[in-house]
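>>> let me see the structure of the following:
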Amino acid sequence: MKFETLLLRSLFVACLLACGLVLGGMLSASPQAVQLAANSKLGALLATPGTCMLPPDGVVCPRQDG
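Sure, this is the predicted structure:
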């Protein structure tokens with residue numbers, strides 16, 4: 001009985017440690033999208049609309065030669 005209790009307690013501690021490490025990794029991670037958006041040049045490019053806006057019918061963008 002003592003051996004099973006020790007085994008269960010050590011498994012519980014190992015699971016808590018694994019969950020704590022995963023949670024800490026998720027909270028301290030900085031996603032690549034956030035790092036890219038912090039760059040001033042890329043952030044400005046993402047904030048401005050593209051040259052091809054959808055026409056009023058919303059079906060297709062006309063092709064531009066060039």
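>>> I'd like the average pLDDT over the one helix or strand F3 maps to.
Using DSSP states H and E, F3 sits in helix 2-28. Averaging pLDDT along helix 2-28 gives 95.
>>> next, the buried residues of it.
For helix 2-28, the neighbour count (16 or more other Cβ atoms under 10 Å) marks no residue as buried. All C-beta atoms are positioned from the backbone trio N, CA, C, and that covers glycine.
>>> tell me what it is packed against?
Packing partners of helix 2-28 (3 or more Cβ pairs under 8 Å, 6 or more residues apart in numbering; DSSP states H and E): none among the helices and strands.
>>> in three-state terms, label S30 for me.
Here S30 is recorded as coil under DSSP: H, G, I helix; E, B strand; the rest coil.
>>> quick one: neighbours of it, just the number.
8 (other Cβ atoms under 10 Å).
>>> any idea how far V13 is from it?
29 Å (Cβ to Cβ, to the nearest Å).
>>> repeat for L27
Distance from L27 to V13, by Cβ to Cβ: 21 Å.
>>> how about L6?
In terms of Cβ to Cβ, L6 sits 11 Å off from V13.
>>> same question for L7.
Using Cβ to Cβ, we find L7 at a distance of 11 Å from V13.
>>> how about V22?
Counting by Cβ to Cβ - V22 and V13 are separated by 15 Å.
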